[in-house]
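Student: Kindly return the folded structure for what I paste below:
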Amino acid sequence: MKRDLKKVWEVAGAVPPQVAAELRAYGPVMVQMLYNRGVITASAAEQYLERQGALYDPFLMLGMAGAVERLLGALAGGERMAVYGDYDVDGVTATALLVQVLRALGGAVEAYIPDRFEEGYGLNNAALERLSEAGFRLVVTVDCGIRSLAEAEFARTLGLDLIITDHHEPKPELPLALAVINPKQPGDTYPDKNLSGVGLAFKLAQALVQRKPQAGLHAEDWLDLVAVGTVADIVPLTGENRAMVKAGLNLLRRGERQGLRSLVGAAGFATSSNLTARDIGFMIGPRLNAAGRLESAMKAFDLLMASAPDDAGPLALYLDDQNHIRQTLTQSMQSEAETLFPGDDEPPFLIFAFKESFDFQVAGLVGLVASRLTEAYYRPAVVACQENGFVRASCRSIAEFHITEALDECSTLLVRHGGHAMAAGFTVRRENLEQLVENLKTIAERKLAGKELRPVLHADLELPLWQLKPDILTDLDRLEPTGLENRSAYFVSRNLLVKSKKTMGHEGQHLRLVVSDGRITYDAVAFRMGHLAESLPARIDLLYAFERNFYNGRVSLQLMVRDLRPSVPA
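Tutor: Purely as a prediction, here's the structure:
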């Protein structure tokens, strides 16, 4: 089943004369792109285009000083420490980063990443008890823990000191830990509230290295891991996130971390030198995630820790194989989910997909399927699986609906939940599921009724295809890294002749075109639009990104199509 959404194209307005004068040092395309991103002064443009790395003192963050003092004491006393992470890319990169930095400082530290299928997300009492029995007295969480009030209290009864670093939305009540590092907590004045889990782990590492400097040890050497985890977690690529990812991409392109270099090769890249944030999001991140979705995230962690090609190579190939399996299973599960509601009619305000056949073995895929459903139908989507009397679900949402706030309204029915505006997860007892679904659908209808629910695609500029010159790519390079809230540049060109078309990929799900305006011809690729091949008219309008295509050692220019529609005769 495929539903073609009628997307809204919004082309940015012209640059005001005063802004054009302020940005006169840049070319007209760059001026338009800067203006579209809220950059309207020369100084702001310089900061936006040039800033790299960490921007703010980590000790501005509430809880940082206490956490560093306790960790330095543990380092001095030779205490055993555990870094307790999460099984997604953000959590695994954060775990690897903090373990490596603490070991570089001489610490006796081990990683603990819970099993998605046996333990689920976040802190759990059984794991804390095992760590206590194994002789650990200090546990540092990364990318989890901010909503673990009961587990934090249990850690206290075990005599475990708990430091929580977590970027997710806190509850009104915070866990009673030795220190809580989360810039979203009340009273925290840190300038950037949007750091990822690995971003917070980096800030803690940065603070430790400041207080315990060692020759040759620089926290910035781990910014490649920050780039991977930040992009994969889809947090806003603005402010400090953008600056750190920009520096991290430069590290990643140098290919000095063996595990990532091997993974890049397994993904089909001949070299790391041309990697972009988009490559992290679509190629590197999914492979690191595949391990935790299907089996154990420790394979991804081991890859990031590997320093020898003989160790990293087999792990990278294993993750690549897992990713192919994950793709097949996700497509099958999406098809099953789509049978649960009428796809040809207007979809419900909230899509809920749950079948008795969705058991714990597909727990790692529910978030991916929810994302696909949200993308296909532009509705908040919840996909759930069951295990031993409980139902676990992942949620993905749209700009008009804050999914975690909706779950907060239903908190009395939930065992646990957490997330942010666009993505969340929860666990509910099976007997409470129907009431929860009814409540969520009621909230969605209340919030969304009367709104025109159509995805909006923003374009920076409309221009004839012949004006799309290679030197524009230099400007596009300077916009990197792009992502959430700092979108890639898109252009609109109209009345293009379709000179050829063919499907590509498994089962022909993608579309390859050759288009021309009569003066210049470009190749174009439209992912997940293969079903349009038979009905494509002779002339079309395109909304697209302009990019280089690296293949077999050759570089060509192509249009990456975001949307297309029939041209309207003038």
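Student: Name the spans of this structure whose pLDDT lies under the cut-off.
Tutor: Within the chain, the stretches falling below the threshold (pLDDT under 70) are 1-4, 342-345, 360-361, 570.
Student: Tell me if I'm right that Leu476 and Pro470 touch.
Tutor: No: checked against C-beta atoms under 8 Å, the pair Leu476 and Pro470 is beyond contact range at 10.5 Å. Heads up, the C-betas are built off the backbone N, CA and C, glycines and all.
Student: Of these two, give the one with the bigger neighbour count.
Tutor: Ranked by neighbour count (other C-beta atoms under 10 Å), Leu476 and Pro470 place Leu476 first, with 19 against 9.
Student: gap between the more buried one and Tyr35?
Tutor: When C-beta to C-beta, to the nearest Å is the yardstick, Leu476 and Tyr35 sit 15 Å from each other.
Student: Break this structure down into its domains, please.
Tutor: 8-50+456-566, 58-217, 339-448 (automatic domain parsing).
Student: burial count for Gln467?
Tutor: A total of 14 residues lie near Gln467 under the criterion other C-beta under 10 Å.
Student: Look up how far Ser493 lies from it.
Tutor: According to C-beta to C-beta, Gln467 and Ser493 sit 9 Å apart.
Student: Show me what counts as buried in stretch 238-254.
Tutor: Buried residues in stretch 238-254, counting neighbours by 16 or more other C-beta atoms under 10 Å, are found at 238-249, 251-253.
Student: What of stretch 153-173?
Tutor: 154-155, 158, 160-170.
Student: what's the farthest-apart pair in these?
Tutor: Maximum pairwise distance in the buried residues of stretch 153-173, criterion C-beta to C-beta, is 26.8 Å, between Leu158 and Glu169.
Student: In a helix, Arg103, correct?
Tutor: Yes: the secondary structure assignment for Arg103 places it in a helix, going by DSSP: H, G, I helix; E, B strand; the rest coil.
Student: what's the closest non-adjacent residue to it?
Tutor: Using C-beta to C-beta, 6 or more residues apart in numbering and skipping residues adjacent in sequence, the residue nearest Arg103 is Val109, 5.9 Å away.
Student: With Ala353 instead?
Tutor: Sequence neighbours aside, Ala337 is the residue nearest to Ala353 in space, at 3.7 Å (criterion: C-beta to C-beta, 6+ apart).
Student: In terms of helix, strand or coil, where does that neighbour fall?
Tutor: For Ala337, the assignment made with three-state DSSP gives helix.
Student: Check the one 4 residues further on too.
Tutor: With three-state DSSP as the basis, the three-state label of Phe341 is coil.
Student: which residues touch it?
Tutor: Pro347, Pro348, Ile351, Ala353 (C-beta atoms under 8 Å, 6 or more residues apart in numbering).
Student: so how far is stretch 481-495 from its chain's centroid?
Tutor: On the basis of C-alpha atoms, centre = their mean, to the nearest Å, the separation between the geometric centre of stretch 481-495 and that of its chain is 18 Å.
Student: what about the closest residue to Glu507 other than its chain neighbours, how many neighbours?
Tutor: Of all residues beyond its chain neighbours, the one nearest Glu507 is Gly530 (7.9 Å), with distances taken as C-beta to C-beta, 6+ apart. By the other C-beta under 10 Å criterion, the neighbourhood of Gly530 contains 21 residues.
Student: How about His506?
Tutor: In terms of burial, His506 registers 11 neighbours under the definition other C-beta under 10 Å.
Student: what do you get for Thr339?
Tutor: Counted by other C-beta under 10 Å, the residues lying close to Thr339 total 11.
Student: what does Ser500 give?
Tutor: Quick note: Ser500 (other C-beta under 10 Å) scores 10 neighbours.
Student: Now the closest residue to it other than its chain neighbours, what are its backbone angles?
Tutor: Among residues not flanking Ser500 along the chain, Val514 sits closest, at 4.4 Å (C-beta to C-beta, 6+ apart). When read as degrees, to the nearest 10, the backbone of Val514 gives phi -120, psi 120.
Student: Surely Val514 is in contact with Val525?
Tutor: No: contact criterion C-beta under 8 Å: Val514 and Val525 do not qualify, at 10.8 Å.
Student: quick one: which of the contacts of Phe341 is nearest to Gln52?
Tutor: Set against Gln52, the nearest of the contacts of Phe341 by C-beta to C-beta is Ile351 (40.3 Å).
Student: residues near the closest one, how many?
Tutor: Considering only other C-beta under 10 Å, Ile351 is surrounded by 23 other residues.
Student: What residues are bridge-paired with it?
Tutor: Counting by DSSP bridges, Ile351 is bridged to Ala381.
Student: Asp359 versus that one, what's the distance?
Tutor: Counting by C-beta to C-beta, the gap between Ile351 and Asp359 amounts to 20 Å.
Student: for the stretch 401-550 of the chain, what spans make up the helices?
Tutor: With DSSP state H, counting those that start in this stretch as the criterion, the stretch 401-550 of the chain has helices at 403-409, 433-448, 472-479.
Student: Tell me which of those helices is the most buried.
Tutor: Relative to the other members of the helices of the stretch 401-550 of the chain, helix 403-409 carries the highest mean neighbour count by mean count of other C-beta atoms under 10 Å, namely a mean of 20.
Student: tell me what that helix is packed against?
Tutor: strand 390-396, strand 414-419, strand 423-429, helix 433-448 (3 or more C-beta pairs under 8 Å, 6 or more residues apart in numbering; DSSP states H and E).
Student: want to try CSV for the ones you listed, with distance to Gly292 as columns?
Tutor: As requested, those are exported to CSV (distance: least, C-beta to C-beta, whole Å):
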stretch, distance to Gly292
strand 390-396, 13
strand 414-419, 17
strand 423-429, 13
helix 433-448, 25
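Student: In stretch 514-534, which residues are buried?
Tutor: The neighbour-count criterion (16+ other C-beta under 10 Å) identifies Val515, Asp517, Tyr522, Ala524, Val525, Ala526, Met529, Gly530, Leu532, Ala533 as the buried residues of stretch 514-534.
Student: Stretch 95-114 now?
Tutor: 95-102, 104-105, 107, 109-114.
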